[in-house]
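Student: Next comes the sequence, and after it the predicted model I'd like to discuss.
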Amino acid sequence: MREINASIPVDKRLWQQDIAGSIAHAAMLGAQGIITAEDSAAIIAGLKTIQQEYATQGVPEHIELEDIHMQVETRLRELIGDAAGRLHTARSRNDQVATDFRLWVREACHEMDRALKALQVALVDRADQNADSIMPGFTHLQVAQPVTLGHHLMAYYEMAKRDRSRFADCARRLNRSPLGSAALAGTSFPIDREATASALGFDGPTANSMDGVSDRDFAVEYLACAAQAAIHLSRLAEEIILWASQPFGFIKLPDQWSTGSSIMPQKRNPDAAELVRGHCGRIIGAFTGLMITMKGLPLTYSKDMQDDKAPLFEAHDLLDLSLAAMTGMIGEVVFNIDRMRAVASTGFSTATDLADWLVREHGVPFREAHHITGAAVKLCEARGGELELLTAADLGGIDPRLANAQLPDLSVAGSVNSRTSAGGTAPLRVKEAIAAARKELGS
Ligand code: ARG
């Protein structure tokens, strides 16, 4: 029973939140005259001593004390005697744990914001250096149209921006204090929930005591945010893995970001990127795991809910580490610009430019232009050579209207430079996006 019941090995991570919550509660009990001013002061002094102890010596794990709440209260009794027994007046571990966990998740949201911002800074820096470096853009992992590397990297900037806004929403929505909900029904003592809420930095108390003790949607929401951020990271990780592979040859990971093989001396493996990709699975697992734990639980508290912390802590740690590794890799990866550019001009990547030119300069309906361009691609394929080498005579052979045409610039640079629509890949637009990003980041 002791072993299955205990949560201290996991919830000891809540110690700072637990002591902060207890200090706020004890101060309120004193101010409301629910306990004496002396008892309130003694409790607060004792809690501050425990704070010092835990900060310097770590949190002890007495499994028979079940959880962090009993751990702290037991130590308090050792330090200040019977007054410790008054701390739990007008409170229950149910509202206590709900409060502690919200405080922890709120800070976790802020940590993720900082980590995502660091990734954004790395992305913008590398995008800035490569605002006009040309690479192939892919659809179906087939060369589609030339883009700039800066544009590609800035796509991930946008994803990180939305990830940050999701964590900010989560932190905003969870910022209500369940403290004072007591076991489930509220309390008969004249407590001041506004006071404890504001002492703990909440926007106010939760409105319903039963909801206050039994809701864990803030934790599920945090995991949803984490899962989405991890999914984004896994896509970038996958690209790093592909790009580092010899058939691509787009990047070289520096020594500090690659590992060797125990048997093949030439290997430079992208292990960190593979682990970022792998960790995403565990983070999604934590998210689905907690949803399944919560599904169908009747109101209010059930012990199942003690299993809310392990998956959240695990996902948080994994995402934190993944973000740090990805930020490091993005900052230090070596781009093989020549190779990217060479591949960008394979696969008839400027075919759309030829079709667009037929529409623009010759008034050909797009569908017909698509058809003519298809024939031009076939011709180049048969002859071996890219579209850039097409002559007016070649085009005239396909469609007599084009016999004397002044051919467009079908180079990859010409293609990229022409894509000036808002949000497009033209270096001009990419530099604007980078400038706007720097402004957003305050750098
Ligand atoms: N260790 C418990 C948890 O994390 C604290 C709340 C226990 N409440 C109770 N009535 N058993 O959920």
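Tutor: Everything's here; your move.
Student: Let me see the contact set for the closest residue to the ligand within the stretch 301-443 of the chain.
Tutor: Across the stretch 301-443 of the chain, no residue is closer to the ligand than residue 306, which sits at 3.6 Å (C-beta to the nearest ligand atom). C-beta here means a position set from N, CA and C on the backbone, and glycine is covered the same way. Neighbouring residues of residue 306 by C-beta atoms under 8 Å, 6 or more residues apart in numbering: 7, 11, 67.
Student: Now do the first one against residue 18, distance only.
Tutor: It refers to residue 7. 12 Å (C-beta to C-beta, to the nearest Å).
Student: now swap in the last one and tell me
Tutor: Distance check for residue 67 against residue 18: by C-beta to C-beta, it reads 9 Å.
Student: Overlap in contacts, these two.
Tutor: Residues touching both residue 67 and residue 18 (C-beta under 8 Å, 6+ apart): none.
Student: Just want to know which of those two has more residues nearby.
Tutor: Using other C-beta atoms under 10 Å as the criterion, residue 67 and residue 18 rank with residue 18 on top: 29 against 23.
Student: My read is that that one contacts residue 72, right?
Tutor: Yes: shown here, residue 18 and residue 72 form a contact pair, counting by C-beta atoms under 8 Å, at 5.7 Å.
Student: and after the helix or strand of the chain with the lowest mean pLDDT, which helix or strand comes next?
Tutor: When the helices and strands of the chain are scored by mean pLDDT, DSSP states H and E, helix 392-398 comes last with a mean of 90. Downstream of helix 392-398, the next assigned helix or strand under DSSP states H and E is helix 412-418.
Student: hmm, who's touching the next helix or strand after that following helix?
Tutor: Note on helix 412-418: by DSSP H and E, the next helix or strand toward the C-terminus is helix 427-441. Outside helix 427-441, the residues that touch it by C-beta under 8 Å, 6+ apart are 117, 120-121, 124, 127-128, 131-132, 148, 150-151, 154, 157, 161, 416-417, 419-423.
Student: which bits of this protein sit near the ligand?
Tutor: Those residues of the chain that sit near the ligand, judged by C-beta under 6 Å from any ligand atom, are 7, 11, 67, 93, 94, 97, 301, 305, 306.
Student: can you count the residues close to residue 273?
Tutor: 28.
Student: And the helices in the stretch 251-400 of the chain?
Tutor: With helices called from DSSP state H, counting those that start in this stretch, the stretch 251-400 of the chain shows them at 271-294, 309-332, 337-344, 351-362, 366-383, 392-398.
Student: out of these, nearest to residue 265?
Tutor: Nearest to residue 265 among the helices of the stretch 251-400 of the chain is helix 271-294 (16.4 Å), distances taken as C-beta to C-beta.
Student: and the closest one, which residues are buried?
Tutor: 271-273, 276-277, 279-280, 282-284, 286-287, 289-290, 293-294 (16 or more other C-beta atoms under 10 Å).
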